[in-house]
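1. I'd like to go over a predicted model; first the sequence, then the structure.
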Amino acid sequence: MQNQKKIAIVGAGLVGSLLAIYLKKAGHIVHVYDRSPDIRKIQFSGRSINLAMSNRGWKALEVIGVDQEIKKIGLPMEKRAIHLMDQSLNYQKYGKEGESIYSLSRGVLNRKMIDLAEEKGVEFFFEHKVWDVTLGDATLHIGKEEHGEWTDYKYDMIFGSDGAFSRVRHRMQRQSMFNYSQDFLEIGYKELNIPSNADGTHKLDKSSLHIWPRGNFMLIALPNLDGSFTCTLFMPFKGENSFEQLDTKEKLVDFFAKYFPSTKEVIPNLVEDFFKNPKSYLVTMKCFPWTHNDKVALIGDACHAIVPFYGHGMNAGFEDITVLNELMEKYGDDWETIFNEYQNSRKPNTDAIAELSYRNFIEMSTKTADANFLLQKKIEKWFSEKHPEKWIPLYSRVTFSHQPYSEALAIGDRQDAIMQEILAIESIEEIWETEPIEQRILQLLRE
């Protein structure tokens with residue numbers, strides 16, 4: 001327990017709700033403000049990508065004892081199911097036996113996290129729009145309109161957990177020596193849906209994350225508890241095979257018949273969903289510093305928004321909370337030291353997962369259908385099973401361990417360089433599972 005402070009969290013999303021539980025547990029008065037209506041009272045659909053919870057996320061939930069409660073609303077996915085153009089299926093295991101990532105509906109999880117936080121005594125204030133923050137004395141300025149009348153709410157401390165377009169960060173950006181960048185991909189996404197069978201079962205394998213890789217565009221599908229799948233179509237906004245081109249029902253139906261023929265029977269509402277659901281954008285946002293004295297701190301997407309292709313936006317945000325909590329336990333009430341170490345330890349790691357997430361789009365959309373890449377994965381799996389202490393695949397380092405992202409990226413780059421040398425060996429596809437290849441990898445690792 002720390003000396004009690006009155007703390008405001010701006011943003012009632014996944015990271016804000018979980019942070020609220022941690023701060024309440026540490027003995028603080030916690031108020032959460034969100035500009036939107038209470039998500040538990042509205043229909044949530046149309047612009048979502050299902051979440052993939054992995055070890056980093058589970059660790060943050062385990063510490064406060066809510067992990068088993070959350071597992072009940074998720075489904076384990078142990079592998080990728082790759083739907084190739086010839087309609088054949090190729091399965092790729094994510095990790096070792098028993099290792100899975102969990103598919104979770106963003107809306108269902110967010111509602112659950114708010115319920116759990118309220119049970120612990122956190123107070124939520126929905127439809128409260130924060131327009132500005134006085135950083136020096138942790139005051140929120142809230143009102144119905146940006147140019148209308150505002151009410152001041154004074155706190156001991158404020159956390160900005162209000163996403164990639166954070167209002168709290170917006171105020172911090174107007175200081176000198178604050179670095180900020182945002183990069184939008186030329187690729188956007190649109191939500192589609194595979195409903196359940198009449199008896200409530202899944203139309204596709206429910207223990208897989210389904211991918212239809214097609215180069216610069218792809219379709220993915222993640223399972224839900226009710227038998228449905230949340231699908232996401234990623235593609236360029238303009239140019240060949242783009243959202244711009246799919247402007248009529250006929251073009252859309254022809255496009256799916258050509259590139260995703262296996263979906264014809266499973267996406268009955270394709271046309272309706274496609275033209276009803278909005279196009280959404282993908283942005284990588286970086287900034288520094290994340291804190292202001294011992295008064296204000298950014299967390300989650302507010303300081304490190306990433307593209308979703310590694311499934312680690314939520315996991316990285318939850319890991320922020322794990323690190324913050326460890327520092328609170330270490331330094332007690334010295335919030336200036338806590339904030340300083342928090343931002344300095346997390347910044348290199350969130351930069352690393354941003355890079356990994358961007359690269360994973362290339363892997364998912366292109367490489368998963370590439371014979372050389374598939375062979376590389378086979379060799380890595382074979383070698384890592386023989387020498388688990390010498391080789392942990394990059395995906396496992398990122399997803400099934402707590403190794404800092406920056407270390408995982410550096411080691412992954414080194415391993416990939418070794419693999420490129422191995423793949424260049426003549427007739428490697430015939431001799432990869434042999435003693436000389438094993439010895440060559442060991443030699444390259446020693447070098």
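-> Nice, thanks for sending it over. Numbers count the residues shown, from 1 in each chain.

2. Give me the contact list for stretch 406-423.
-> Contacts to stretch 406-423, defined as Cβ atoms under 8 Å, 6 or more residues apart in numbering, come from residues 348-349, 351-352, 355-356, 372, 375-376, 379-380, 391, 393-394, 397-398, 401, 428, 432, 437, 440-441, 444-445. The way it works is simple: take the backbone N, C-alpha and C, and place the C-beta from them, glycine included.

3. Now with 6 Å, please.
-> The list of residues contacting stretch 406-423 from outside it, by Cβ atoms under 6 Å, 6 or more residues apart in numbering, reads 348, 349, 352, 356, 376, 394, 397, 398, 444.

4. Now rank those by neighbours and give me the top one.
-> The residue in the contacts of stretch 406-423 with the most neighbours, by other Cβ atoms under 10 Å, is residue 398 (25 neighbours).

5. dump the residue contacts of it.
-> residue 408.

6. quick one: average confidence on stretch 158-174?
-> Here stretch 158-174 scores 97 as its mean pLDDT.

7. just how off-centre is it within its chain?
-> With Cα atoms, centre = their mean, to the nearest Å as the basis, stretch 158-174 stands 19 Å off its chain's centre.

8. Disregarding residues adjacent in the polypeptide, which is nearest to residue 153?
-> Using Cβ to Cβ, 6 or more residues apart in numbering and skipping residues adjacent in sequence, the residue nearest residue 153 is residue 140, 4.4 Å away.

9. Just after the helix or strand hosting the one you found, pick out the following helix or strand.
-> Applying DSSP states H and E as the criterion places residue 140 in strand 139-143. Going down the chain from strand 139-143, the next helix or strand is strand 150-154, by DSSP H and E.

10. which of the residues in that next one are buried?
-> For strand 150-154, burial by neighbour count (16 or more other Cβ atoms under 10 Å) applies to 150, 153.

11. how big is the angle separating it from strand 139-143?
-> Relative orientation of strand 150-154 versus strand 139-143 (axes from the mean of the first three to the mean of the last three Cα atoms, to 10 degrees): 150 degrees.

12. Mind giving me the packing neighbours of the very next helix or strand once past strand 150-154?
-> Counting by DSSP H and E, the next helix or strand C-terminal to strand 150-154 is strand 157-160. Here strand 157-160 touches strand 6-10, strand 296-298, going by 3 or more Cβ pairs under 6 Å, 6 or more residues apart in numbering; DSSP states H and E.

13. got a markdown table for the contacts of stretch 406-423, with pLDDT, distance to residue 232 and secondary structure too?
-> Output for those, formatted as a markdown table (pLDDT from 0 to 100; distance: Cβ to Cβ, whole Å; DSSP: H, G, I helix; E, B strand; the rest coil):
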| residue | pLDDT | distance to residue 232 | secondary structure |
| --- | --- | --- | --- |
| 348 | 98 | 29 | helix |
| 349 | 98 | 26 | helix |
| 352 | 98 | 24 | helix |
| 356 | 96 | 19 | helix |
| 376 | 93 | 26 | helix |
| 394 | 94 | 23 | helix |
| 397 | 95 | 25 | helix |
| 398 | 96 | 20 | helix |
| 444 | 97 | 38 | helix |
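
14. before we move on, back to that, can you list the strands that the strand holding residue 140 pairs with?
-> In the sheet, strand 139-143 lines up against strand 130-134 (antiparallel), strand 150-154 (antiparallel) (DSSP bridges).

15. At the geometric centre of the chain, which residue sits there?
-> Nearest residue to the geometric centre of the chain (Cα atoms, centre = their mean): residue 313, 2.6 Å.

16. and the residue lying closest to it once chain neighbours are set aside, what does it touch?
-> Spatial nearest neighbour of residue 313, chain neighbours left out: residue 306 (5.5 Å); criterion: Cβ to Cβ, 6+ apart. The contact partners of residue 306, by Cβ under 6 Å, 6+ apart, come to 284, 313, 354, 357.

17. Compare those residues and tell me which has the most neighbours.
-> residue 313 (25 neighbours).

18. Could I get the pLDDT score of that residue?
-> 96.

19. Look at the closest residue to residue 265 other than its chain neighbours and give its secondary structure.
-> Nearest residue to residue 265 in three dimensions, chain neighbours excluded: residue 203, at 7.8 Å (Cβ to Cβ, 6+ apart). Put simply, residue 203 is coil when judged by DSSP: H, G, I helix; E, B strand; the rest coil.

20. Can you tell me how far residue 203 is from residue 100?
-> Residue 203 sits 20 Å away from residue 100, going by Cβ to Cβ, to the nearest Å.

21. before we move on, back to that, and residue 54, which of the helices and strands packed on strand 157-160 is closest to it?
-> Closest of the helices and strands packed on strand 157-160 to residue 54 is strand 296-298, at 22.9 Å (criterion: Cβ to Cβ).

22. contacts for that closest one?
-> Contacts for strand 296-298 (Cβ under 6 Å, 6+ apart): 135, 158, 159, 160, 169, 290, 291, 339.

23. Partner strands of that strand, with direction?
-> strand 157-160 (parallel), strand 291-292 (antiparallel).

24. List the buried residues for it?
-> Across strand 296-298, burial judged by 16+ other Cβ under 10 Å covers 296, 297, 298.

25. just the helices in the stretch 151-300 of the chain please.
-> 167-173, 249-259, 270-276 (DSSP state H, counting those that start in this stretch).

26. In a markdown table: those, plus distance to residue 236.
-> Converted to a markdown table, those look like this (distance: least, Cβ to Cβ, whole Å):
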| stretch | distance to residue 236 |
| --- | --- |
| helix 167-173 | 28 |
| helix 249-259 | 13 |
| helix 270-276 | 16 |
